[in-house]
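**Student:** Structure, please.
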Amino acid sequence: MAYSKQMQEGNLYSYYFAPRGNRRMADLGMQLSQMYLSPFDHIIGIIGDAGAGKSLLIKGMFPGVDLTNDDEGVNIRPLPLLHEDLEDPFSPHTYHLDIRFESAFTQMHVLAEAILEASRNGKMVIVEHFELIFPFLKRNADLLVGIGEEIIITRPNMFGPLPENIAKIVHKSVVYRKAAHTLEDLCVHFMGEGYAQDGPRSDVRHGFVLEFEQKPDVNLFQLEKKVKEAVAQDLPVSYYDEHHVQIGPYILECLGPRMHISSTGKIGDFTLVKEYPQDPRNGYYMLIGLLGQHQSDDIKDFNRIDFSRPLSGQPK
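**Tutor:** Numbers count the residues shown, from 1 in each chain. Alright, predicted model coming up:
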């Protein structure tokens, strides 16, 4: 679906489950750019904690853009946004900067003025950790994207939402995404051969779902016991390479090896649903893992939407 100004004018925000695999994150970024990005946008605010997948999402949304730093390293050349003639019609159209990184070398008001100057000259600036520079800009982004357990995308107006509003949500929720990913990889490992994790996926809040064409021949009570033993050992979790994560002595295949908590002990309380429910739409059998206390015991209500928070002084 292509960008539609008319469609977005009545849309406060959109909410997507944030993928844990690198390719799926980049693919989602491409889809979001097609649906929400306007050619007249000048400031794109990206909000999310370290390791949330911001760089991958940006690469999907803006293929070919030069990142000033990402998980692969740091571009040590001078920041192009500060050292190029932004009035030159042949200067680049799109710039990127990471506020948390650049603020170690350049004062915030200088970065803010460079962003505004680029905007005035019709450039597009992709700003990571946008909530940090917002107080110096005195204006909001044209498009805000927050990355935590979820991806929140919004086109703010004079009434908000504010970047700090998005930041509070995604910084708090990203731990669930990281913990669910580590839990997912442990489950696949202890399931044994024949249950590779490159198959279909589904999503559930504060948890994970794996889908299988054939019903797995794995006892879920025994599987949960093995995983809980690994969690209790508080095994260290670390990036191994682009296709593997190391959890204690185990080196496991992983589609997003940077998206993990630092040790298994941080997973905390979890449970596996003690059956393999079958999705009536496609016939796949599902392995479902849930973190903490879930808001419903009904599998059909795990992704409940709740806007019931009372407002002060609301009409009776």
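**Student:** can you tell me which helix in the chain is longest?
**Tutor:** helix 163-191 (DSSP state H).
**Student:** May I see the buried residues of that one?
**Tutor:** For helix 163-191, burial by neighbour count (16 or more other C-beta atoms under 10 Å) applies to 163, 165-167, 169-171, 173-191. (Glycine included, C-beta is placed from N, CA and C.)
**Student:** Tell me the gap between that helix and the middle of its chain.
**Tutor:** How far helix 163-191 lies from its chain's middle: 9 Å, per C-alpha atoms, centre = their mean, to the nearest Å.
**Student:** again, but for stretch 23-34
**Tutor:** Distance, centroid of stretch 23-34 to centroid of chain: 11 Å (C-alpha atoms, centre = their mean).
**Student:** The residue lying closest to residue 148 once chain neighbours are set aside and residue 22, how far apart?
**Tutor:** For residue 148, ignoring the flanking residues on the chain, the nearest one in space by C-beta to C-beta, 6 or more residues apart in numbering is residue 170 at 3.0 Å. Computed with C-beta to C-beta, to the nearest Å, the distance linking residue 170 and residue 22 is 19 Å.
**Student:** again with residue 82
**Tutor:** 30 Å.
**Student:** Residue 208 too?
**Tutor:** Counting by C-beta to C-beta, the gap from residue 208 to residue 22 is 16 Å.
**Student:** which of those two has more neighbours?
**Tutor:** Higher neighbour count among residue 208 and residue 22: residue 208, with 26 against 21, using other C-beta atoms under 10 Å.
**Student:** any low-confidence regions in the chain?
**Tutor:** Low-confidence segments of the chain (pLDDT under 70): 1-8, 70-77, 196-202, 294-296, 306-316.
**Student:** just the helices in it please.
**Tutor:** Using DSSP H, helices in the chain cover 5-9, 22-36, 54-61, 80-83, 99-102, 108-120, 130-137, 163-191, 220-232.
**Student:** any chance of those helices in CSV, with distance to residue 280 too?
**Tutor:** Formatted as CSV, the helices of the chain follow (distance: least, C-beta to C-beta, whole Å):
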stretch, distance to residue 280
helix 5-9, 31
helix 22-36, 24
helix 54-61, 31
helix 80-83, 51
helix 99-102, 45
helix 108-120, 49
helix 130-137, 42
helix 163-191, 23
helix 220-232, 21
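**Student:** And those helices: which comes nearest residue 153?
**Tutor:** Of all the helices of the chain, it is helix 22-36 that lies closest to residue 153, at 5.6 Å by C-beta to C-beta.
**Student:** and the closest one, which residues are buried?
**Tutor:** Residues 22, 24, 25, 26, 28, 29, 32, 33, 36 are the ones in helix 22-36 that count as buried (16+ other C-beta under 10 Å).
**Student:** Same check on stretch 107-114?
**Tutor:** Buried, per 16+ other C-beta under 10 Å, within stretch 107-114: 111, 112, 114.
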